[in-house]
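Student: no sequence on this one, just coordinates:
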């Protein structure tokens, strides 16, 4: 039972990070500057690809903050369908209180789970402080 609780806590941490399931970590969000603002070295060929300048930690943090509120609608739908009674989708969307309520009551005795499936399908249940990526 103790190993199951460690597994559950680890899963909650991964879900709350969000970017792991959304497919991008903060370091992967922006590894190089866009071509329009990147500093390039001049080369003899005009068609040679421009060299990208790596971003500083501050710029990576700013890019991560910009995408922090975005969550994947498909991931949310899959979480609510398969793990809805455990409230995993609520943790993923940034509502830890409601995640715990769902966890301890079995998705509000199944009624809240069904309502959340409907709310996710019609995009009524949004991420806290953000929006969905479709």
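Tutor: It's in. Predicted, not measured: the structure shown is a model, and the values here were computed from it.
Student: Quick one: the helices in the protein, in order.
Tutor: 2-17, 19-22, 26-29, 57-67, 73-83, 88-93, 96-109, 111-121 (DSSP state H).
Student: Tell me who's in contact with the residue nearest to residue 132 when sequence neighbours are not counted.
Tutor: Of all residues not flanking residue 132 in the chain, residue 73 sits nearest, at 4.1 Å (C-beta to C-beta, 6 or more residues apart in numbering). Where you see a C-beta, it was placed from the backbone N, CA and C, and this is true even at glycine. Counting by C-beta atoms under 8 Å, 6 or more residues apart in numbering, residue 73 touches 120, 123, 132-134.
Student: Between those, which sits nearest residue 78?
Tutor: Residue 78 lies nearest to residue 120 out of the contacts of residue 73, by C-beta to C-beta, at 9.7 Å.
Student: quick one: contacts for that closest one?
Tutor: 73, 76-77, 80, 89.
Student: do that again at 7 Å, thanks
Tutor: 76-77, 80 (C-beta atoms under 7 Å, 6 or more residues apart in numbering).
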